[in-house]
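**Student:** Return atomic coordinates for the entry below.
(chains A and B)
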There are 2 protein chains.
Amino acid sequence: MELTAALQKLDQLQRKQLAYSHAMGLIDYDGMTAAPSGTAANRAETLGILAEEVYKLSTGDETVALLDELHARMDELDEVHQRIVKVMYKNIDETRRIPMEEYVAYQKLTTESDAIWHTAKENNDYALFMPYLERLIAQTQRIMRYIKPDQPVYDTLLDRFETGLTRAKCDAFFDVVRRELVPFIHRVTAAKQVDDSPLHGHFPLDKQRQLSDYLMQVIGLDRAHCTIAETEHPFTTGFTKYDVRITTHYLEDNFASSMYSVIHEGGHALYDTHPMDKLAYTVLGGGVSMGIHESQSRFFENIIGRSRSFIRLIAPKLHELFPETAAYDDEALYHAFNRAEPSLIRTEADELTYCLHILIRYELEQQLFDGKLTVQELPAAWNRLYKEYLDVDVPSDREGVLQDTHWADALFGYFPSYALGSAYGAHMLHVMRQTVDVDAALASGDLSPINGWLCEHIWQYGGLYEPETLLSRALGEPFDPMYYVNYLKNKYSEIYGLA
Amino acid sequence: MELTAALQKLDQLQRKQLAYSHAMGLIDYDGMTAAPSGTAANRAETLGILAEEVYKLSTGDETVALLDELHARMDELDEVHQRIVKVMYKNIDETRRIPMEEYVAYQKLTTESDAIWHTAKENNDYALFMPYLERLIAQTQRIMRYIKPDQPVYDTLLDRFETGLTRAKCDAFFDVVRRELVPFIHRVTAAKQVDDSPLHGHFPLDKQRQLSDYLMQVIGLDRAHCTIAETEHPFTTGFTKYDVRITTHYLEDNFASSMYSVIHEGGHALYDTHPMDKLAYTVLGGGVSMGIHESQSRFFENIIGRSRSFIRLIAPKLHELFPETAAYDDEALYHAFNRAEPSLIRTEADELTYCLHILIRYELEQQLFDGKLTVQELPAAWNRLYKEYLDVDVPSDREGVLQDTHWADALFGYFPSYALGSAYGAHMLHVMRQTVDVDAALASGDLSPINGWLCEHIWQYGGLYEPETLLSRALGEPFDPMYYVNYLKNKYSEIYGLA
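**Tutor:** All right, here's what the predicted structure looks like:
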């Protein structure tokens, strides 16, 4: 085949795959935002059929032949096409190892499980969800063994969300975190607690919705290509860079909960809306990995959103929407937003103790996949670890093991990327500060120097570089978790008056 | 092929087609309810690709061979499969006459035009929409000529929405309406006008949303399978009987506008959610034609929703939500909801003058497709007919030719079905009253005797019978428009005190 013709076919193939993922992603999104309650089975039917079509398209003879040919002619391709072929070749190689019936059944199971999880969480009914979780783990085990027969399943899972990540590397990372942060967190917990009364009160939903719109504008989201909806668990989904959706969850007595969800998901959405146009309808059009993705969301949520300068910037809007906050000065608000305290719910955890929530999930996932823990034993194990690491008693599974949607969606191995992402972001801040006056940008209300740095070094590349390559190009040195450790120690030592 | 195997293939084919129409229907619905403003091009890209897949699936060699075989063995099939094969065979025969590129381009055009129409209507900018309308008409002409080369295009269009309907039959229907109703409407217009002040005021959107929920419950919609959203132009879409969506549009100064949209779309949704389960994932799972569909929506909107008994039933809820209405008795409300008066906007027209809005569109569509009217001349022609038939001056294209979404979606030939449906419904009422005490049902608040009759005679059959067959089975005699004429004359003579 002529190379031009082959590349044209490659382009058409990617556009077709993206059309299916747009359709399927939207059906999922609709299920969580707008669909009537009795429609899960219908959605599962449709998604099952479309998944089968995607499977055939992605592993069909024509596709395999095309990628074999392009793979063999790698040195004739430009950088973008080399990377596209590499990524697609890997995907095909993985997908064709999975029998089609299992691939389709797996899709159907996750759709059903998500619906069941919603009901189970609502009714605090772990027993309802348990058989689904059991099947999710068993089917995930089988699927991962098809993909990498000779590798421990949990390594394969980690690599899916952060290419190149292994249990050994992940253990090393968490060892630093554990060694450096656990004793520090104990010191913070023992210190005089900061006051968060500015955050308590009654905050009408319509005002909170206005705050969401304001925050999306402040962090620079283009509303023509990004919208917000309301779901049980906040998330971001992007069909292409031109159509990205974030969601939040409002609590009437706590505006900070949704506020930081919006900023967190907004960080994902900024990344998703900014890859170069030429990557838009390709497999490189989204973020490269979950770790890098979470580095952006948690950068905005914490490093920006919980900084003194950002609180100063948004304080007037907070006073306008929630008059009771006007009784407090900026410094009191800054302290309130940064109160650190062991708690139950990961998504509402403070910046400092957050990594312990991840550590618990990381340990439990390993035990589940090593066969050392059954789904029957999971809630008790969850509660035990929350007592051990965070010294909190879990009053119900709804506030315990059922709180997150990830496992219901078979996203095992995802959680570590939240902690890694946080650490990537702290290292990025260190490098960014060498050329960008972050606090001056926040003081001016114009975040474009910050967004400009992130776009130049991260966002524009979409999936063009491997996570490690992208990171070391952006950082100018290998990633080092000590920037994260030091960032947290400096910030919280000051807030809690520790020497 | 074994007959069992062939029927299994037929089942799978229909399920696959429904999966695509679910996906594509949802992308359309999302575009009108939730998607960010800048996403139309992305949607058009995805819908274009999926339309191509559907085209290939529906006209591919395997599908054609399957339907050829089943068509040849028609006498071995049961009633349901006979009808399925007949409908699918007709669809294939039509679709394969259209070149694939044109089929795909037509899909893309309607998606883009819909988005443009929204902007054009918002900005009262007919010039923006005009070139799209021109292309829509030209492409529709071409597509219809592929389907039926020897038939006038407008006949082909009418038949698409109401199988068996021709311009000659439609002219005959409108002749009765014109002869009987136009002079009667003149008498009503000359009579002392009824007072509609109960409907004027400020009606908060959250109260109107509560009214929508109440109305959906009163007419018997199952909310587990039917939800409501807000759009510029109200509509109903159903992916299967298990997942139906209605929309409405709220006006703060006029609660009756959304109220009757909800009841109208609710009538569509009742029909869409009630076909027999065994028809659910087949081509017979929805309503059989637009005329029958509109008969149900307009039956609920007007014959039920604007009846004295229904107003009595809902009056307490209206008083609760909108305290200013409590100053009026049921009879005053009944009169207010039935004020007849020439007006600008079809969807807000009263039951009596509504058919003149349809007549205008019917005449203009014929002229456009006969080549007797250009899109440049259309707004002036629209305004002229509104002056002639309804004696109203059209102040802007937004309130004139741009008011309806139908033409932007290439739904030419659809409008007559609203008038026909109204007339079908009036004949149904006459027959229903022979076994059902309609007013007693409304007085009790339990509409199940009414819904039961409609389900028994119309809803459960989905697309199983041709419109004419279904109607004559339900009515026990051929359809006669004089029931409609007499129903309107009796009702409005009483309201306006005419002898």
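**Student:** what distance separates the lengthiest helix in chain A from the centre of its chain?
**Tutor:** Counting by DSSP state H, the longest helix found in chain A is helix A:3-33. Its chain's C-alpha centre and that of helix A:3-33 lie 22 Å apart, by C-alpha atoms, centre = their mean, to the nearest Å.
**Student:** what packs against the helix or strand just after it?
**Tutor:** Next helix or strand after helix A:3-33 toward the C-terminus (DSSP states H and E): helix A:40-59. For helix A:40-59, the packing partners by 3 or more C-beta pairs under 8 Å, 6 or more residues apart in numbering or on different chains; DSSP states H and E come out as helix A:3-33, helix A:79-95, helix A:100-122, helix B:3-33, strand B:236-240. Yep, even glycine has a C-beta here, placed from its N, CA and C like the rest.
**Student:** which of the residues in the longest helix of chain A are buried?
**Tutor:** The neighbour-count criterion (16 or more other C-beta atoms under 10 Å in any protein chain shown) identifies A:6-7, A:9-10, A:13-33 as the buried residues of helix A:3-33.
**Student:** Please tell me I have it right and A:Phe235 contacts A:His264.
**Tutor:** No - using C-beta atoms under 8 Å, A:Phe235 is not in contact with A:His264; the gap is 9.9 Å.
**Student:** Please identify which of the two sits among more neighbours.
**Tutor:** Neighbours were counted for A:Phe235 and for A:His264 using other C-beta atoms under 10 Å in any protein chain shown; A:His264 has more, 26 against 20.
**Student:** Packing partners of the helix or strand encompassing A:Ile292?
**Tutor:** Assessed by DSSP H and E, A:Ile292 sits inside helix A:290-298. Under the contact criterion of 3+ C-beta pairs under 8 Å, 6+ apart, helix A:290-298 touches helix A:255-273, helix A:416-432, helix A:467-475.
**Student:** got the contact list for that helix?
**Tutor:** Helix A:290-298 is contacted from outside by A:161-162, A:165, A:236, A:264-268, A:270-271, A:287, A:414, A:416-418, A:420-422, A:424-425, A:428, A:454, A:458-459, A:467, A:470-471, using C-beta atoms under 8 Å, 6 or more residues apart in numbering or on different chains.
**Student:** How about stretch A:419-426?
**Tutor:** So stretch A:419-426 is contacted by A:162, A:165, A:170, A:173-174, A:177, A:290-299, A:302-303, A:351, A:354-355, A:358-359, A:362, A:471, A:479, A:481, A:483-484, A:486-488 (C-beta under 8 Å, 6+ apart).
**Student:** repeat for stretch A:201-220
**Tutor:** With C-beta under 8 Å, 6+ apart as the test, stretch A:201-220 has contacts from A:223, A:226, A:228, A:246, A:248, A:250, A:252-255, A:258-259, A:262-263, A:266-267, A:270, A:300, A:304, A:313-314, A:317-318, A:321-322, A:324, A:445, A:447-448, A:451.
**Student:** and the longest helix of chain A, does that touch chain B?
**Tutor:** Yes - applying C-beta under 8 Å from any C-beta of the partner chain, one finds helix A:3-33 touching chain B at A:15-16, A:18-20, A:22-24, A:26-27, A:30, A:33.
**Student:** Can I get those residues in JSON lines including pLDDT?
**Tutor:** As requested, the residues of helix A:3-33 next to chain B are exported to JSON lines (pLDDT from 0 to 100):
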{"residue": "A:Arg15", "pLDDT": "97"}
{"residue": "A:Lys16", "pLDDT": "97"}
{"residue": "A:Leu18", "pLDDT": "97"}
{"residue": "A:Ala19", "pLDDT": "98"}
{"residue": "A:Tyr20", "pLDDT": "98"}
{"residue": "A:His22", "pLDDT": "98"}
{"residue": "A:Ala23", "pLDDT": "98"}
{"residue": "A:Met24", "pLDDT": "97"}
{"residue": "A:Leu26", "pLDDT": "98"}
{"residue": "A:Ile27", "pLDDT": "98"}
{"residue": "A:Asp30", "pLDDT": "97"}
{"residue": "A:Thr33", "pLDDT": "96"}
